[in-house]
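**Student:** just coords:
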């Protein structure tokens, strides 16, 4: 059996604008075909709006080639580039907002546990730019990681006396600095590395932290 390559696409539709919606669907279909896709799935709302515009039943709709009128032809030429530019700008703004939220956690390097406040503040500042569900989930996962990290750090610092009791052979030179400080420094290093890793992967994908649970 041959493999079937399926692609998905999403765009901001315009109600009651048949030429615009068809132009975007046609352009995305061409791009998908150029990349070897044999089936292209659009989000549900685009189909509903398109059917409403065409006054067609979504269960029976089909497309037949035809020549658009002059007005529609003009829109077919002008809309795709504008839509592509707008979508690219929206994606850049969302990616930039997530990066700001992510890097805001580094305030913890200056003030202990300030990451809980800074990430929450930046989330509400840039919330409107997170216009897609995957962007909001990514931002919420960053907040979730800060909560989990803070709770884990507090618990480890509280457990220091038990750690010293279980390992009495700790070098005296290390005890010159309180053990809970060593624990906190270790967790700070983990926080810094995780933040940098998330930022690096944000340049490659919209969902770089699948390993972090969303508890919000």
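**Tutor:** In hand now; what should we look at? Everything numeric here is computed off the predicted structure, so don't read it as measured data.

**Student:** For this protein, which segments count as strands?
**Tutor:** For the chain, the strands defined by DSSP state E cover 6-9, 39-42.

**Student:** in its sheet, what does the first one sit against?
**Tutor:** To tie it back to what came earlier, the one meant is strand 6-9. When pairs are called by DSSP bridges, strand 6-9 turns out to pair with strand 39-42 (parallel).

**Student:** now the strands of the chain as a markdown table including mean neighbour count?
**Tutor:** Placement of C-beta: from N, CA and C, glycine included. Shown next, in a markdown table, are these (neighbours: other Cβ atoms under 10 Å):
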| stretch | mean neighbour count |
| --- | --- |
| strand 6-9 | 14 |
| strand 39-42 | 14 |
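
**Student:** These: which one's closest to residue 212?
**Tutor:** Taking Cβ to Cβ as the criterion, residue 212 comes closest to strand 6-9 out of the strands of the chain, the separation being 23.9 Å.

**Student:** Identify all contacting residues around that closest one.
**Tutor:** The contact list for strand 6-9 (Cβ atoms under 8 Å, 6 or more residues apart in numbering) reads 28-29, 32, 35, 37-43.

**Student:** again, but for stretch 127-147
**Tutor:** Stretch 127-147 is contacted from outside by 90, 93-98, 101-102, 105, 115-116, 119-120, 123, 126, 194, 198, 206-209, 212-216, using Cβ under 8 Å, 6+ apart.

**Student:** Let's see that with 7 Å instead.
**Tutor:** 90, 93-94, 97-98, 101-102, 105, 115-116, 119-120, 123, 194, 198, 206-207, 209, 212-216 (Cβ atoms under 7 Å, 6 or more residues apart in numbering).

**Student:** Now which of these would you call buried?
**Tutor:** With burial judged by 16 or more other Cβ atoms under 10 Å, the buried subset of the contacts of stretch 127-147 is 93-94, 97-98, 101-102, 105, 115-116, 119, 123, 194, 198, 209, 212.
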